[in-house]
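Curious how this folds, go ahead:
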Amino acid sequence: MSLLGSKVGVISLGMSCQSSHQIELHARLIAELAGDRSAKVSRFPFDNIICSPQAAGRMLQADRFYPQAPEELAVPESGGYWREMDAHYWHEFRPIRSGILRRKKMDPAASFKRLTGKYGHTASKFRQLAGLPRLIFVISNSQNNLDMVARVTGNLDLVLDRSMINELADRTDAYFGRPCEYLFATYPDRVRGASQRSNVSVHELSPDGSEWMGDPAQWAAVFRKALAPKA
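Sure thing, here's the model as predicted:
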């Protein structure tokens, strides 16, 4: 989930589920820090997509957040993969249990219909964010099981250069027609390069023991540091 209020949007830009999970977990804290107590959890396109900053940037440039036809997707064991945009819909196209023997089955047609319905709705909401006075985007590559995802998919690079985050910020600023704010959470061994960009704050976390969720205490500290009102 992301966070949507009358004045502020705190929105996940990926590259995995940890960003959206921590936004949802700290929704009340974020709303207070951002000065918009009306903000509530709300679903947006990048909440559950696994993709690189470059892939997210391509989707923004094209203003397309999901495939329009089933043949645009490969459906490996890791879920739906949108070749054109290099994006993984990790939670889609999963087998479901059905029948007397409770065997796992998958219905690709029904899964694609669910995907387009869900992402069509969230994409429409994403476009409407332009009307908010303040937009804060959250990006992270600190999800511990991303190394497993990289092995399964074979095309995900865990280590990001800060220039990649800046390029995504450029794409997002262009999409909404104004400078936005960006929070990037990472591990020291998953980031390289240097940047002095004023609207991108980089926060290096210490590795935690969670599978994918992240450490709530560290994330709370990140939100406090990034969103606290300036003196």
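
Leu135: how many residues sit nearby?
19 (other Cβ atoms under 10 Å). For the C-beta atoms, the positions are set from N, CA and C on the backbone; glycine is no exception.

just the one 3 residues further on next, same as before
Around Val138 there are 27 other residues, counting by other Cβ under 10 Å.

and it, what element?
Using DSSP states H and E, Val138 sits in strand 134-140.

Distance from the chain centre to that strand, please.
The chain centroid and the centroid of strand 134-140 are separated by 9 Å, computed with Cα atoms, centre = their mean, to the nearest Å.

buried stuff in it?
135-140 (16 or more other Cβ atoms under 10 Å).

which other residues reach stretch 26-39?
1, 3-10, 23, 40-41, 134, 136, 216, 219-220, 223-224, 227-229 (Cβ atoms under 8 Å, 6 or more residues apart in numbering).

hmm, try it at 7 Å
3-8, 10, 23, 41, 134, 136, 219-220, 223-224, 227-228 (Cβ atoms under 7 Å, 6 or more residues apart in numbering).

Who are the contact partners of Glu204?
186-188.

Arg190 too?
With Cβ under 7 Å, 6+ apart, Arg190 has these contacts: 141-142, 158-160.

where's Tyr187 relative to Cys17, distance?
16 Å (Cβ to Cβ, to the nearest Å).

More neighbours: the two, which one.
Cys17 (23 against 19).

Leaving out sequence neighbours, find the closest residue to that one.
Among residues not flanking Cys17 along the chain, Asn48 sits closest, at 5.6 Å (Cβ to Cβ, 6 or more residues apart in numbering).

can you pull the contacts of that neighbour?
Per Cβ under 7 Å, 6+ apart, neighbours of Asn48: 17, 20, 90-91.

And those residues, which of them are buried?
17, 20, 90.

Adding pLDDT, write the residues you listed out as TSV.
Formatted as TSV, the buried ones among the contacts of Asn48 follow (pLDDT from 0 to 100):
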residue	pLDDT
Cys17	92
Ser20	96
Trp90	80
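
what pLDDT does Gly80 get?
We have a pLDDT of 85 for Gly80.

Use 50 as the first number from now on
That works, and once the first residue is 50, the last one we named lands at Gly129.

roughly how far apart are the residue lying closest to it once chain neighbours are set aside and Ala179?
In space, Gly129 comes closest to Tyr138 once its chain neighbours are excluded; the distance is 4.0 Å by Cβ to Cβ, 6+ apart. Tyr138 sits 25 Å away from Ala179, taking Cβ to Cβ as the criterion.

And those two? Which one has more around it.
Per other Cβ under 10 Å, whichever of Tyr138 and Ala179 has more neighbours is Tyr138, with 25 against 12.

thinking again about what came up before, I'd guessed the residue nearest to Gly129 sits against Gly128; true?
Yes. Counting by Cβ atoms under 7 Å, Gly128 is a contact partner of Tyr138 at 5.4 Å.
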